[in-house]
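Peer 1: Requesting a structural model of the entry that follows:
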Amino acid sequence: MVEQELHAIFKKGSKTYFYSTMFFPREVKDDIFRLYSFVRVADDLVDVIPQNRAGFLEFCERYRRALKGEPANDLVIDSFVDLSLRKGFEAEWAEAFLRSMEMDLHVRSYRTLDDLKVYLYGSAEVIGLFMSRIMGLTKAADHYARMLGRAMQYINFIRDINEDLTLGRQYFPEESLQEFGLPSLKEEHARADPKAFRRFIRAQLCQYCKWQGEALRGFHFIPWKYRLPIMTASDMYNFTAMRIMRDPFVVYRKKVKPSIPRIMTGYALNRLSRPQHGQEISCIAD
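Peer 2: Predicted structure coming up:
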């Protein structure tokens, strides 16, 4: 059984991921807890005010030494290193993840979508690759695993616009804001031109739909016992997308999340109906 410390880190960090993960078989669930605890602790070090730069850099160095055989005597780091070796994670994936977290220390905006994709790879796509190896999928599933991670991260960006502004960050490409005539995503700028803001948000949701739809085409690589919780999580991200699609300004009022009963109901319906892949949603941009 996974240690209570890792269980607590995961439960505190993400409701959708946590409750969806509870539907995995035990042997996979424990490893997901070990993965998530590692990425959560690193992310928390750069997502606080003020940012814990020294703590993050120390975390990176302790991880790198542990990977070379020097135990960190830290449950989160040592468990992840053990998982990496057991599942054959490529060392570059963890390095890409840490690079993206380090970008959060000094990068405040991204000029183009290609610039942002560098961050997306390390912060989200490699999580899909880690998950793929934990589940024992073939490399043919890698592209789709990356797309699912990218799509979910993009919804997080949309949902967390207000929170990220308080951290001094703006993930959406500057070229995209310029396209819609928005000087920034600050609420006063959004409310000064609400039509432009709504069109901007719906364009970003269309981008999410494109990547999420691509990810769904790879669901057939996933055995049903693993596909069910992933499908449930994917459906919950769609719920968040649809909620914001109906009212883009909700991102300034609250953090949109599915309730625990909704997650449980989604799981039950998927289990009964056994769909071949998750729900694909339609995007309607102005």
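
Peer 1: quick one: contacts for R99?
Peer 2: G122 (C-beta atoms under 8 Å, 6 or more residues apart in numbering). The way it works is simple: take the backbone N, C-alpha and C, and place the C-beta from them, glycine included.

Peer 1: host element of it?
Peer 2: Per DSSP states H and E, R99 falls inside helix 91-106.

Peer 1: So for that helix, mean pLDDT?
Peer 2: In this model, helix 91-106 has an average pLDDT of 97.

Peer 1: which non-adjacent residue is nearest L137?
Peer 2: Nearest non-adjacent residue to L137, counting by C-beta to C-beta, 6 or more residues apart in numbering: F221, 5.4 Å away.

Peer 1: again, but for I127
Peer 2: Nearest to I127 is G149, by C-beta to C-beta, 6+ apart, at 4.8 Å.

Peer 1: correct me, but that neighbour touches A124?
Peer 2: Yes - between G149 and A124 there is a contact under C-beta atoms under 8 Å: 4.0 Å.

Peer 1: what stretches of the stretch 51-200 of the chain score poorly on pLDDT?
Peer 2: Scanning the stretch 51-200 of the chain for pLDDT under 70 picks out no residues.

Peer 1: what residue is smack in the middle of this structure?
Peer 2: Q153 (3.9 Å; C-alpha atoms, centre = their mean).

Peer 1: residues contacting that one?
Peer 2: Contact analysis of Q153 by C-beta under 8 Å, 6+ apart lists 120, 123-124.

Peer 1: who touches the closest residue in space to P248 that isn't next to it in sequence in this structure?
Peer 2: Closest residue to P248 apart from its sequence neighbours, by C-beta to C-beta, 6+ apart: I201 at 3.8 Å. When contacts are counted by C-beta under 8 Å, 6+ apart, I201 touches 158, 244-245, 248, 251.
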